[in-house]
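[1] Pasting the sequence and the predicted model now:
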Amino acid sequence: MQRKVLTLVVNAIVAALYVVLSVVPGAFSLASGAIQFRISEMLNHLVVFDRRYLWGVVLGVGLYNAIFSPMHWLDVLFGGAQSLIGLALVAWLAPHLPKLWQKMALNTVIMSLTMVLIAIEIAITGHLNAAAFGMTYLTLIASEVIIMIIGAVVMAAIDRAVHFAKVMGQK
């Protein structure tokens, strides 16, 4: 029971952090659209330390998109699906890799490739013509790769002090 409460509380904090870390880039129109530099995306790396962080990140994505995204519910659906699918794949595959850098590299690749859902969302909403789909997808991949690489360095450094796995009750 105590572990479930801990998981719930930690994920609520992660969701709140995701929202707060998205607000600053959002103020400069860098948190949505074809180029996205959400500082909060570095929190995706939490899943390589413990898969239970997945729910806090996905909830944070949904909350930020519901409150601040210009596409509201559609962004909740597509952004939430992109995060859930990507992070679920990482949670499933990362434990098979021996080194932290390999897990973070996997996370970076998967989260960047799943940005196809965001490109589809932009296309569906009419903010993108069919000819520009590929370029938009590439800019989404590039922006995600950049923030995830920076995030890998930052999260590895923070982990040395915080020990993310121990926060969730692992040894």
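    Perfect, I can see it now. Numbering: from 1, shown residues only.
[2] where do the helices sit along the protein?
    2-27, 46-49, 54-68, 72-93, 100-113, 116-124, 133-162, 164-167 (DSSP state H).
[3] relative orientation of the fifth one and helix 72-93 in degrees?
    So the one you mean is helix 100-113. 150 degrees (axes from the mean of the first three to the mean of the last three C-alpha atoms, to 10 degrees).
[4] other SSEs contacting helix 100-113?
    Where contact means 3 or more C-beta pairs under 8 Å, 6 or more residues apart in numbering; DSSP states H and E, helix 100-113 is packed against helix 46-49, helix 72-93, helix 133-162. In this view, the C-beta of every residue, glycine as well, is placed from N, C-alpha and C.
[5] which one of the ones you listed is the most hemmed in?
    helix 46-49 (a mean of 27; mean count of other C-beta atoms under 10 Å).
[6] what is the rounded mean pLDDT of that helix?
    What helix 46-49 shows for mean pLDDT is 98.
[7] Stretch 89-102 too?
    98.
[8] Over to stretch 114-132?
    pLDDT averaged over stretch 114-132 gives 82.
[9] Mind listing residues that contact it?
    By C-beta atoms under 8 Å, 6 or more residues apart in numbering, the residues outside stretch 114-132 that reach it are 33-34, 36, 71, 74-75, 78-79, 81-82, 85-86, 89, 133, 136-137, 140-141, 144.
[10] please redo it, this time with the cut-off set to 10 Å
    Under the contact criterion C-beta atoms under 10 Å, 6 or more residues apart in numbering, stretch 114-132 has outside partners 32-34, 36, 70-71, 74-75, 77-87, 89-90, 133-145.
[11] got the buried residues for that stretch?
    Burial within stretch 114-132, assessed by neighbour count using 16 or more other C-beta atoms under 10 Å, is assigned to 114-115, 117-123, 128.
[12] And stretch 11-22, by the same measure?
    Within stretch 11-22, the residues that count as buried by 16+ other C-beta under 10 Å are 11, 14-15, 17-19, 21-22.
[13] From what I see, residue 67 and residue 23 are in contact.
    Yes: using C-beta atoms under 10 Å, residue 67 is in contact with residue 23, at 9.2 Å.
[14] Between those two, which has more neighbouring residues?
    Neighbour totals were compared for residue 67 and residue 23, and residue 23 leads with 16 against 13 (other C-beta atoms under 10 Å).
[15] pLDDT score assigned to that one?
    pLDDT, residue 23: 85.
[16] do the same with residue 60
    Residue 60 carries a pLDDT value of 97.
[17] How about it, nearest residue that isn't a chain neighbour?
    What sits nearest to residue 60 in space, not counting adjacent residues and going by C-beta to C-beta, 6 or more residues apart in numbering, is residue 18, at 2.4 Å.
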